[in-house]
Structures are given as structure tokens and as C-alpha cells.
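Trainee: Need the 3D shape of this:
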Amino acid sequence: MPTVDPVADARFLILYLNTHPLFAIGIMLLIGYLLGRGAERVGLPDISGFIVAGLLMSRHVTGVISAAAAVELLVISEVALGLICFTIGAELQLSKLRRVGRRVGWITAGQIGVTFLAVLAATRAVGVDLPYALVLAAVAGTTSPAATVVIVQSLRARGNYVDYLFGTVALGDAAAIVIFSVLLAFVPTMLGIGTAVSFVTGVSGALMGIALSLLLGVAAGLIIHAVVRHHESNSETLIVTLGAVLLGTAVATAFQLSPLLLSMAAGTTVANLSLRNSRVFRAVEPLTPPVYALFFVIAGTKLQPSLFLEPALLLAGSAYVIARWAGKYYGTRLGAAVNRVELPIGRYLGVSLFPQAGVALGLVLMLQVVAEGAAPGVPANITQTVNVVLFAVFINEIVGPPLSRLATIKGNRMED
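Mentor: Numbering: from 1, shown residues only. Predicted structure coming up:
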């Protein structure tokens, strides 16, 4: 008769649960909920609690979420980013753009331009090589659309300030993605890996990818509109919308296009085809709380506390974070001043742009993939560039959401 070893059986059960994606999802939601509520009790947004939950459960701290499970859960981050960009795209309605579009454009140009130059100068000053400093400067332009959406929804904020905020986030992320895509065509050549690419070829290839991403997004939006306009059921609307967003994300990823631009274009198309299409976004809303919670918990699992122990990385990361904050704040004020935008927007909007997470991580990891495809192995400087962004995300997602929430509250109050 075989003997029973309770210790061995317990170890097997723990190992099985530790690598099972459903266990990871369940524990992430529960621990994330508890720490999110705890964060709210001390006056912080629940996002901060979600991120801390992910950090505590990561392989860098307790190991509750194994590295294998974390890899399997990356698809949830893709789903979340698709839905987030789809929702943000809906804010680019022509009615709103006619009212604030030119001013949002100037504010976006100001904050993107000043942030790019500030981060480029700061990272070069602390010894970062030019190709990597350019990459960091491009990534710095992004803002976390998820944090923005969650903060605004939790405050139930409405009005001019929110219109400017969503418009600036959408256009700013789109601009940062375009700049990064153009740079990405030349970075391997600048690093001496892969095949040399001429300026015209690199720019035309990058612009072609951007155009295809936008065209596919418009096509996805047209499909959603064509199907849901004949159906009143929220469940059918949700099924079609989710299917189109996920399919578009997969196609964009497979053809090395931008799933973020695609989803944003789809949301913008749906929002502008008919006022009745607002029910599309209402149908998606019930999905967002658990998906957003998982997104931020998963983002927390990527953070590495050990990064704070590396002096060179700490210096480069600090220069990046401080220069980015200064660029967002003063660039927004510059753009607002040029168009004489009302005071609360010029004063507080830049602070509302501090959070940074998934889009930044997606862009810098794309650099890693391109480098791996161009030559075997990943140059050490690329790994360090990824770690600088991870460090910045750690700071920007812990400190950024509370500051963004406070700025949004003050901006709305001053409007009233």
C-alpha cells in the first residue's frame, strides 16, 4: 500500500496553485480589492493599493504569483489596454474637438515637446547614451490612460477640465507612439545592430505602420457600428464590441502595428458615427472594474524594489522622473498660455498627467523585442533602459495617482 506524505502533497498543491493562472487572477482580485480599499481609507486612490498588491505578490517579494503565471497573464494587460484606449478614443468626439480641439492640440504639443527635450537633456546629463536617451524622451510623453479613466470615474467628474484632460491624454499618447515608432526605425542602426536603414525608408515605414493601425481601427469601429445599430441588447453590444477590440489587438500585434492606436481609432469612430453609440461604451462599463484592477495589479508585479539599490540606475531613473514631471507641468502651462486657456487647466492639468504605466512599458518592451530580432542577445544598455522605465513607472504609479486625483479635484472646483 503506497504511503501518504502530507508534506509532499502540500508542496505539490502549493506549486500547482502557484502556477495556475486562475489562482493568480483570483488572488489578485481579492488582495487588490483589500489593499485598494485600504488605500482609499488613507486618502489615496485605489490604484495605489492595486499596484502595491501586485508588488507584494510578485516574484521579487513573496512569490505568490510565479514568473510563469505572470507571463500567462500578460494577455489580460493587452485586453485592458485595448479597452482603455477604446474608451479614451471615445473622448475625441467632433463636438468636443470643435470646442476645445485647437487648444488641446497646443497643450498637447507643449507638454510633449517640453517633456521630450527635458528628459533628453536630463538623461544625457547623467551619462545615458544618445540612442537610449532619445527612446526615454519619447516614452516620457505617455500618460497612463487607465489611471486617468479610473480617477475620473471614481470622482464622477464632468466638465471642461475633464474634456481637456481626456483629450490631452489621448492626443499625447498618440503623439508619443508616433514619435517612438519613427525612432524605432533607426535605433537598431544607431546601436550598430541589424541592417542599416535610410532616413526616408525608416520614416516612411513607420508612418505606413501608423496609417495602417489607424485604418484598421476605423474599420473595427465601422464594424461595431454596423452591427450594434440594429440591436438594442446590451449583451449583444458587449459581445460585438469586445470581439472587435480583441480581434483588432491581435491583428495589430501579429503584424507589428500599434494596437493602442488601433483601439483608440476604433473608439473615436464609434463615438462620432452616432450619438446613440454612447450605449456601446455603457455596455463595456461593467467589465472595467475587474479588468482595470487586474491591469494595475499585474503592473505592480513587474516592479523591482532591487532597482533602488543600483546607483547608476537610480541616478538615470531619478533624472527621467523629475525631468518628465517638469516637462508635463511647464509644457502644459506653456501650451495653455499660448491659447489663453482658463486658469485651472493651465495650473493643474500638467499634474493630472503624471501617472505612467502600461503604454510606457509596452513601448519600451517593444524596443527590447526589436533588438532581439535584429541580433542575438539583448545589449546591456537596452536592459538598463527597460529598467529605467520600470523604475519610473514604480514612482509614477505610486506618487502619480494621488497627485493626479488632487489636481483633478482642484481643477473641477475652480471651474465651479
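Trainee: residues in contact with residue 257?
Mentor: Contact analysis of residue 257 by Cβ atoms under 8 Å, 6 or more residues apart in numbering lists 209, 212-213, 216, 251. All C-beta atoms are positioned from the backbone trio N, CA, C, and that covers glycine.
Trainee: let's see it at 10 Å
Mentor: 181, 208-217, 248-249, 251 (Cβ atoms under 10 Å, 6 or more residues apart in numbering).
Trainee: What does the pLDDT read for it?
Mentor: What the model reports as pLDDT for residue 257 is 79.
Trainee: What's the separation between it and residue 248?
Mentor: 10 Å (Cβ to Cβ, to the nearest Å).
Trainee: can you check residue 147 too?
Mentor: 23 Å.
Trainee: just to revisit the earlier point, can you check which residues contact both of residue 257 and residue 248?
Mentor: Joint contacts of residue 257 and residue 248 (Cβ under 10 Å, 6+ apart) are 213, 216-217.
Trainee: Now do stretch 394-413, average pLDDT.
Mentor: According to the model, stretch 394-413 has a mean pLDDT of 81.
Trainee: begin at 10 from here
Mentor: Renumbered: residue one is now 10, and that last one reads stretch 403-422.
Trainee: Name the residues of that stretch that are buried.
Mentor: 403-407, 409-417, 419-421 (16 or more other Cβ atoms under 10 Å).
Trainee: likewise stretch 135-152?
Mentor: Those would be 137, 140-152, for stretch 135-152 by 16+ other Cβ under 10 Å.
Trainee: is it possible to export the residues you listed to a markdown table including pLDDT and secondary structure?
Mentor: Output for the buried residues of stretch 135-152, formatted as a markdown table (pLDDT from 0 to 100; DSSP: H, G, I helix; E, B strand; the rest coil):
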| residue | pLDDT | secondary structure |
| --- | --- | --- |
| 137 | 85 | coil |
| 140 | 82 | helix |
| 141 | 84 | helix |
| 142 | 89 | helix |
| 143 | 88 | helix |
| 144 | 86 | helix |
| 145 | 89 | helix |
| 146 | 91 | helix |
| 147 | 89 | helix |
| 148 | 88 | helix |
| 149 | 89 | helix |
| 150 | 88 | coil |
| 151 | 86 | coil |
| 152 | 85 | coil |
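Trainee: Quick one: those as JSON lines, columns for distance to residue 53 too.
Mentor: Output for the buried residues of stretch 135-152, formatted as JSON lines (distance: Cβ to Cβ, whole Å):
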{"residue": "137", "distance to residue 53": "32"}
{"residue": "140", "distance to residue 53": "37"}
{"residue": "141", "distance to residue 53": "33"}
{"residue": "142", "distance to residue 53": "33"}
{"residue": "143", "distance to residue 53": "34"}
{"residue": "144", "distance to residue 53": "31"}
{"residue": "145", "distance to residue 53": "27"}
{"residue": "146", "distance to residue 53": "30"}
{"residue": "147", "distance to residue 53": "30"}
{"residue": "148", "distance to residue 53": "25"}
{"residue": "149", "distance to residue 53": "24"}
{"residue": "150", "distance to residue 53": "26"}
{"residue": "151", "distance to residue 53": "22"}
{"residue": "152", "distance to residue 53": "19"}
